[in-house]
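# Okay, predicted coordinates and the sequence, questions at the end:
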Amino acid sequence: MEWIHTLFFGSGIGHSILLVAIVIFIGIYLGKVKIAGISLGITWILFVGIIFSHWGMRMDAHALHFLKEFGLILFVYSVGLQVGPGFFASFKKGGLTLNLLAVLVIVLGVAITCVLYVVTGLPVTTMVGILSGAVTNTPGLGAAQQAYFDMTGEEGTEIAMGYAVAYPLGVVGIIAAIILIRYIFRISFDKETESAQSQMEEKEARATHVSVRVKNPALFGKEVEAVATLIDKKFVISRVLHENNDLEIAYSRTHLQAGDKLFIIAARQDLDAIIAFIGEKIEMHRSEWEKLDSKLVSRRIMITRSEINGKMLAQLHLRGGFGVNITRVNRAGVDLVASPGLELQIGDRVTVVGTEDSVKSVEKILGNSLRRLREPNLVPIFLGIALGILLGSIPFTFPGIPQPVKLGLAGGPLIIAILISKFGPHYKLVTYTTMSANLMLREIGISLFLACVGLEAGIGFVDTVVNQGGFAWIGYGFIITFVPLMIVGCIARRCYKINYFTLMGLIAGSTTDPPALAYSNGVAGNDMPAVGYATVYPLTMFLRVLTAQLLILIL
């Protein structure tokens, strides 16, 4: 049975792949176990890797380094593709306040880390690892290790050790802060729910419909195209019911007369201004419009043709050329007003109103082929990874920092992924990937990375924790986790009166912690924690990666 011993404790590519596969399998299986409703999830892979390495199961050094870095690149690039479209939008309106509070959490955490570094005398590599584990941020761990390797040529196992020691109590500390803030401010879930009804800015920005009667004399005889330019609001006049009960699609040249009834699509917060400008609101439901003329159909068509990607709605001339109206565009579950200047993307679902034949003609123009969406778009993935590695390899010199700063294999691909997912359609680059494809790529990447980090860090891990003060690292990590969240949580609640459900998402997002988000969603019973999490997640992820590298380079 010598071959079995060689397979598990020997060397070679087969041994390395087998070891990684077993570590990932066991780690994912253990990640499904919950204690008091809390699970460490995929991070179990890291601990299983440490245990295997402690037992003497080691990978080939070259294979380990390659799989670790490649897994990190896949992970951060997939994250960038996911958060990119909402990265810049997250700074608008209430999102700016939430992001500034998240930045304060990061700054306080880094400041406490620097103080502990000076007071305890621990190596900066250990402290950065504790920081990344305390805020449960794996990309920060990868970025710090990459920066340390670029500087010294060494792997920096102390970073992984600090991360592994601080991570478990980091998860607990985040959830503890959420619970303690609730009791400090004596928060009632019923009152928070009532308060939230009037503060749903995200939902108010979505498209809705209303029926209006034309009563403004200034609009009598005006064309639909001209009416849209008279008020600074985005809206679409879908159909017009004239006084003689003649129903027609609202073409650009359709003339409005006194008493005409209009079916309008607009953002919810703009409705009052639009109604006051045109005339008066009438109680006429959407189904009543559809019954008036059975010749008109309303159908959702998915954009799957790459030629449409990045084009403005007005450039397609669908209203004049085919006699149809695009009333709204659904993107990632959000209904947008179909304004002429709206740029379309692969994967958008547009609502088309017109005759059966004209809608079928438009369907051929837009694609509506689910098969096309299922086909993977590999060009932006590998092009983006290549550009990300190039960007990450460029040295930047800053005054006071002895070593040139590089974004590395974590920062470079992350930034490029954000930029490509946001601006790629402008340059006819199809960046659409299904959620399942993105999640698969991301989970494979993080699993490979964590398995390799664990197998690398297991050597001497137990000795470090037991005999070299590793237990104190747990306390340091808890301080880094808990203190910034409590300070910012109290400021957010007392000074900015932020809804508690949104605050839970802010706390989970500022630490990029999925278990805390899962706990918040379960307690809240609505999607407000998820909205808060998504609002701060992109900027937080970017800053966590950047600060982890800067601490290594500066200190």
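Thanks, I have it. The model shown is predicted, which means the values in this text are computed figures rather than measured ones.
# what comes up buried for stretch 113-121?
The neighbour-count check on stretch 113-121 (16 or more other CB atoms under 10 Å) flags 113-114, 116-117 as buried. To be clear about C-beta, it is placed using only N, CA and C from the backbone, and glycine gets the same treatment.
# And the strand or helix carrying Leu485, what does it pack against?
Taking DSSP states H and E as the definition, Leu485 sits inside helix 470-494. Helix 470-494 sits against helix 94-120, helix 124-134, helix 157-184, helix 461-467, helix 500-510, with contacts defined as 3 or more CB pairs under 8 Å, 6 or more residues apart in numbering; DSSP states H and E.
# Whichever strand or helix holds Val210 pairs with which strands, parallel or anti?
Element membership for Val210, per DSSP H and E: strand 207-214. Paired neighbours of strand 207-214 in the sheet (DSSP bridges): strand 261-267 (antiparallel), strand 279-281 (antiparallel).
# Can you lay out the ones you listed as CSV showing mean pLDDT, mean neighbour count and distance to Ser238?
As requested, the strands paired with strand 207-214 are exported to CSV (pLDDT from 0 to 100; neighbours: other CB atoms under 10 Å; distance: least, CB to CB, whole Å):
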stretch, mean pLDDT, mean neighbour count, distance to Ser238
strand 261-267, 86, 23, 5
strand 279-281, 90, 16, 16
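# what about Asp150, neighbour count?
Close neighbours of Asp150, defined as other CB atoms under 10 Å, add up to 20.
# re the thing from before, quick one: which of the buried residues of stretch 113-121 is nearest Asp246?
Among the buried residues of stretch 113-121, Thr113 lies closest to Asp246 (CB to CB), at 71.4 Å.
# Now for the closest residue to that closest one other than its chain neighbours: which residues touch it?
What sits nearest to Thr113 in space, not counting adjacent residues and going by CB to CB, 6 or more residues apart in numbering, is Leu131, at 4.6 Å. Remark: with contacts taken as CB atoms under 8 Å, 6 or more residues apart in numbering, Leu131 is in contact with 109-110, 113, 140, 162, 166, 477, 480, 548, 551.
# Let me know which of the helices and strands packed on helix 470-494 is the nearest to Gly454.
Per CB to CB, nearest to Gly454 of the helices and strands packed on helix 470-494: helix 157-184, 7.5 Å.
# May I see the buried residues of the closest one?
In helix 157-184, counting by 16+ other CB under 10 Å, buried: 157-178, 181-182.
# That helix - contacts with which helices or strands?
Counting by 3+ CB pairs under 8 Å, 6+ apart, helix 157-184 packs on helix 44-54, helix 124-134, helix 138-152, helix 435-457, helix 461-467, helix 470-494, helix 500-510, helix 514-524.
# I'd like to know which elements the helix or strand immediately after it in the chain is packed against.
Heading C-terminal from helix 157-184, the first helix or strand you meet, by DSSP H and E, is helix 189-197. Other elements packing on helix 189-197 under the criterion 3+ CB pairs under 8 Å, 6+ apart are helix 500-510.
# between the strands paired with strand 207-214, which gets nearest to Ile346?
strand 261-267 (22.6 Å).
# chain center to the following helix or strand past the closest one: distance?
Downstream of strand 261-267, the first helix or strand assigned by DSSP H and E is helix 271-278. With CA atoms, centre = their mean, to the nearest Å as the basis, helix 271-278 stands 35 Å off its chain's centre.
# CA atoms of helix 271-278 as PDB?
The C-alpha trace of helix 271-278 is given here as PDB (Å, rounded to 0.1, in the frame of the first residue of the first chain):
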ATOM      1  CA  LEU A 271     -45.200  61.400 -11.300                       C
ATOM      2  CA  ASP A 272     -46.600  64.400  -9.400                       C
ATOM      3  CA  ALA A 273     -44.700  66.900 -11.600                       C
ATOM      4  CA  ILE A 274     -45.700  65.200 -14.800                       C
ATOM      5  CA  ILE A 275     -49.300  64.900 -13.800                       C
ATOM      6  CA  ALA A 276     -49.400  68.600 -12.800                       C
ATOM      7  CA  PHE A 277     -47.800  69.600 -16.100                       C
ATOM      8  CA  ILE A 278     -50.100  67.600 -18.400                       C
END
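# Taking strand 261-267 as reference, get the angle to it.
Interaxial angle, helix 271-278 versus strand 261-267 (axes from the mean of the first three to the mean of the last three CA atoms, to 10 degrees): 150 degrees.
# Packing partners of helix 271-278?
If you count contacts as 3+ CB pairs under 8 Å, 6+ apart, helix 271-278 packs onto strand 207-214, strand 261-267.
# Identify all contacting residues around the shortest one.
Looking back up the chat, that one is strand 261-267. 204-214, 233-241, 250, 256, 274, 278, 282, 284, 286, 289, 327-328, 337-338.
# Let's see that with 6 Å instead.
In this structure, residues lying in contact with strand 261-267 by CB atoms under 6 Å, 6 or more residues apart in numbering are 205, 207, 209-213, 235-241, 274, 289, 327-328, 337.
# ok so, going back, what's the closest of the helices and strands packed on helix 157-184 to Gln269?
Nearest to Gln269 among the helices and strands packed on helix 157-184 is helix 500-510; the distance by CB to CB comes to 18.5 Å.
# model confidence over that closest one, on average?
For helix 500-510, the mean pLDDT works out to 89.
# for it, the distance to its chain's centre please.
14 Å.
# Outside of the helix or strand encompassing Leu391 itself, list whatever touches it.
Taking DSSP H and E as the definition, one finds Leu391 inside helix 378-393. Residues from elsewhere that reach helix 378-393 (CB under 6 Å, 6+ apart): 77, 407-409, 411-413, 416-417, 420, 429, 431.
# before we move on, what about stretch 142-162?
Residues outside stretch 142-162 that contact it (CB under 6 Å, 6+ apart): 72, 123, 125-126, 128-130, 403, 406, 408-411, 453, 456-457, 461, 464, 545, 548-549, 552-553.
# same question, stretch 66-83
Under CB under 6 Å, 6+ apart, the answer for stretch 66-83 is 139, 142, 385, 409-410, 413-414, 417-418, 421, 438, 441-442, 445-446, 448-449, 452, 538.
# ok, now stretch 104-122?
127, 131, 476, 480, 484, 488, 510, 543, 547.
# Count the neighbours of the first one for me.
What it means is Met127. Count around Met127 with other CB under 10 Å applied: 27.
# follow-up on the earlier one: tell me the buried residues in the helix holding Leu485?
Neighbour counts using 16+ other CB under 10 Å place 470, 473-474, 476-486, 488-489, 492-493 of helix 470-494 among the buried residues.
# Let's verify the residue sitting furthest away from the middle of the chain: helix, strand, or coil?
With distances taken as CA atoms, centre = their mean, the residue sitting farthest from the centre of the chain turns out to be Asn244, at 50.7 Å. Recorded secondary structure, Asn244: coil (DSSP: H, G, I helix; E, B strand; the rest coil).
# What does the pLDDT read for Lys295?
On pLDDT, Lys295 comes in at 64.
# can you check Met127 too?
Per-residue confidence (pLDDT) for Met127: 93.
# the strands in the stretch 201-350 of the chain, which residues?
Assigned by DSSP state E, counting those that start in this stretch, the strands in the stretch 201-350 of the chain fall at 207-214, 235-241, 247-249, 261-267, 279-281, 296-302, 325-331, 334-337, 349-355.
# Comparing those, which yields the minimum mean pLDDT?
Looking at the strands of the stretch 201-350 of the chain, the lowest mean pLDDT belongs to strand 334-337 (a mean of 67).
# Quick check: Tyr519 touching Ala176?
No: using CB atoms under 6 Å, Tyr519 is not in contact with Ala176; the gap is 10.7 Å.
# Select the helix or strand of this structure having the lowest average pLDDT value.
When the helices and strands of the chain are scored by mean pLDDT, DSSP states H and E, helix 201-204 comes last with a mean of 46.
# can I get the strands of the stretch 201-350 of the chain in CSV with distance to Ala147?
Below are the strands of the stretch 201-350 of the chain laid out as CSV (distance: least, CB to CB, whole Å):
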stretch, distance to Ala147
strand 207-214, 45
strand 235-241, 50
strand 247-249, 59
strand 261-267, 44
strand 279-281, 59
strand 296-302, 43
strand 325-331, 36
strand 334-337, 37
strand 349-355, 42
